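[1] no sequence for this one, just the structure:
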Ligand SMILES: *Cc1c(COP(=O)(O)O)cnc(C)c1O
């Protein structure tokens with residue numbers, strides 16, 4: 001048999017060089033087997049066989065590259081990793097069993113007892129628990145500061161600070177961090193700058209271009225986009241990723257091939273989904289802002305947002321999460337949420353389906369009243385993860401919420 005394009009089963013990276021993110025999302029990192037299937041194959045196998053005892057010895061001895069066992073490498077997982085590395089513009093990516101496993105593996109492989117971390121206050125609740133409760137047990141202390149106040153970051157840094165960790169935009173209030181400024185601070189102090197890019201995805205923001213050393217993701221959110229699987233990934237230069245990979249293959253929070261395959265397919269539609277999320281979110285943010293019972297809308301796409309210009313500079317879109325504060329506190333917020341009929345009441349985000357959450361009693365419910373107050377998580381606050389349904393239908397459903405609190409919409 002002859003092939004017009006050699007017998008290549010991969011599209012070599014060099015053939016995709018300089019291509020746009022939309023193309024990389026569909027084409028980067030695909031493995032093609034001898035069957036020449038068009039869609040991505042899936043390799044649900046725990047181990048791999050050898051042609052001979054000698055080959056097995058060579059593989060185990062590291063003299064011959066190749067798969068041994070899926071806690072170490074699996075072709076489906078590697079395909080997802082290659083595509084993520086291409087999309088984030090990083091040298092290497094390593095996938096993990098969850099977003100938290102990505103963050104834990106980054107910490108366990110690059111920090112040690114005596115090190116200090118500075119973390120933004122509004123990070124994902126479990127990230128907070130990981131640093132405050134578990135990393136502390138291993139001698140890594142964490143200071144929490146405001147995402148947007150550079151003076152707090154500068155004051156918090158100590159000689160033993162080894163990592164600055166942020167999420168931008170923040171959840172649920174959409175504060176935006178100045179990544180270039182934080183990167184400079186990290187460099188001046190010989191610390192790693194780690195960005196959780198879950199909210200923007202590489203489609204809207206590539207933190208490595210703004211000076212981040214490492215990008216972590218919960219693939220569970222937009223990368224999947226359809227609420228099917230839990231997973232995570234870390235992207236960055238090989239000198240750090242090799243360490244992180246070493247930890248993962250020893251500790252075992254490996255991504256399953258099936259989940260990797262789902263994420264791989266999710267990435268193909270990520271650019272068009274993110275555009276649809278952004279369009280709907282901006283329209284809803286403006287509409288919410290015009291309602292008399294809404295005290296405030298939190299969305300970096302609004303000109304009134306304090307970091308609107310910074311978001312425009314760093315991001316290629318403002319994302320799909322919009323929060324708003326109703327006049328009247330918890331009672332009104334719950335009444336509003338309960339009156340919607342279509343939008344899902346759930347704490348998940350990043351799904352094509354719109355979700356609605358009351359942060360003060362769910363995602364941020366464990367925080368003390370003072371911490372909540374300081375973080376701006378008020379009782380009237382509602383978070384929407386805006387999906388890709390028709391905008392008019394989203395307004396109809398949210399209109400039911402407004403009607404229940406005596407606010408006529410049109
Ligand atoms: C969900 C989430 C995580 C944790 O990811 P899991 O996949 O649930 O482990 C981390 N960071 C952010 C911003 C998240 O939204």
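    Received the coordinates, thanks. The model shown is predicted, which means the values in this text are computed figures rather than measured ones. Numbering: from 1, shown residues only.

[2] which residue sits closest to whatever residue of the stretch 101-250 of the chain ends up closest to the ligand, ignoring its sequence neighbours?
    The ligand sits closest to residue 218 of the stretch 101-250 of the chain, with a gap of 3.0 Å, by Cβ to the nearest ligand atom. (Each C-beta comes from the backbone N, C-alpha and C, glycine too.) Residue nearest to residue 218 in three dimensions, not counting chain neighbours: residue 99, with 2.6 Å by Cβ to Cβ, 6 or more residues apart in numbering.

[3] Am I right that residue 311 is in a strand?
    No. Counting by DSSP: H, G, I helix; E, B strand; the rest coil, residue 311 is located in no strand; its state is helix.

[4] Surely it touches residue 299?
    No. Residue 311 is not in contact with residue 299 according to Cβ atoms under 8 Å; the separation is 9.5 Å.

[5] list residues touching both of these two?
    By Cβ atoms under 8 Å, 6 or more residues apart in numbering, residue 311 and residue 299 have these common neighbours: 305, 318.

[6] thinking residue 79 is in contact with residue 263, fair?
    No. In this structure, residue 79 is not within contact of residue 263 by Cβ under 8 Å, at 9.8 Å.

[7] give the contact list for residue 366.
    Counted by Cβ under 8 Å, 6+ apart, residue 366 has contacts residue 125.

[8] Could you look up the SS state of it?
    Per three-state DSSP, the secondary structure class of residue 366 is coil.

[9] Please report phi then psi for it.
    For residue 366, the backbone dihedrals (degrees, to the nearest 10) come out as phi -80, psi -20.

[10] ok, now residue 165?
    The phi/psi pair for residue 165 (degrees, to the nearest 10) reads phi -130, psi 130.

[11] List, one by one, the residues from the stretch 151-300 of the chain near the ligand.
    167, 171, 196, 198, 218, 220-221, 230, 232 (Cβ under 6 Å from any ligand atom).

[12] Helix, strand, or coil at residue 353?
    coil.

[13] Quick check: pLDDT value at residue 372.
    We have a pLDDT of 85 for residue 372.

[14] I misspoke; the intended subject was residue 1.
    Confidence at residue 1, expressed as pLDDT, is 45.

[15] Please say which of residue 79 and residue 263 ends up with more neighbours.
    Neighbours per residue (other Cβ atoms under 10 Å) separate residue 79 from residue 263, with residue 263 holding more: 30 against 25.

[16] What about the residue in the stretch 1-150 of the chain that the ligand sits nearest to, how many residues nearby?
    Per Cβ to the nearest ligand atom, residue 99 is where the stretch 1-150 of the chain lies closest to the ligand, at 2.3 Å. Residues near residue 99, counting by other Cβ under 10 Å, number 25.

[17] which ones are touching it?
    So residue 99 contacts 124, 196, 198, 216-221, 230-232 (Cβ under 8 Å, 6+ apart).

[18] picking that back up, in PyMOL, how would I select just the buried ones from the residues of the stretch 151-300 of the chain next to the ligand?
    Filtering these down to the buried ones (16 or more other Cβ atoms under 10 Å) takes a single PyMOL command:
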select buried, resi 167+171+196+198+218+220+221+230+232
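
[19] Which of the residues of the stretch 151-300 of the chain next to the ligand fall in strands?
    Using DSSP state E, the subset of those located in strands is 167, 196, 218, 232.

[20] Out of the residues you listed, which comes closest to residue 346?
    Of all these, residue 218 has the smallest distance to residue 346: 15.2 Å, by Cβ to Cβ.

[21] what are the bridge partners for the residue of the stretch 101-250 of the chain closest to the ligand, then?
    Under DSSP bridges, the beta-bridge partners of residue 218 are residue 232.

[22] before we move on, the earlier item: could you dump the ones in strands among the residues of the stretch 151-300 of the chain next to the ligand to a markdown table with distance to residue 190 and pLDDT?
    Shown next, in a markdown table, are those (distance: Cβ to Cβ, whole Å; pLDDT from 0 to 100):
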| residue | distance to residue 190 | pLDDT |
| --- | --- | --- |
| 167 | 23 | 97 |
| 196 | 21 | 98 |
| 218 | 28 | 98 |
| 232 | 26 | 98 |
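
[23] ok, how many other residues are close to the nearest residue to residue 125 once chain neighbours are set aside?
    Spatial nearest neighbour of residue 125, excluding adjacent residues (Cβ to Cβ, 6+ apart): residue 363 at 5.9 Å. A count of nearby residues for residue 363, using other Cβ under 10 Å, gives 20.

[24] Surely residue 363 touches residue 357?
    Yes. Counting by Cβ under 8 Å, residue 357 is a contact partner of residue 363 at 6.2 Å.

[25] Return every residue with contacts to both of those two.
    Shared contacts of residue 363 and residue 357, defined by Cβ under 8 Å, 6+ apart, are found at 172, 347, 383.

[26] top of the residues you listed by neighbour count?
    residue 172 (26 neighbours).
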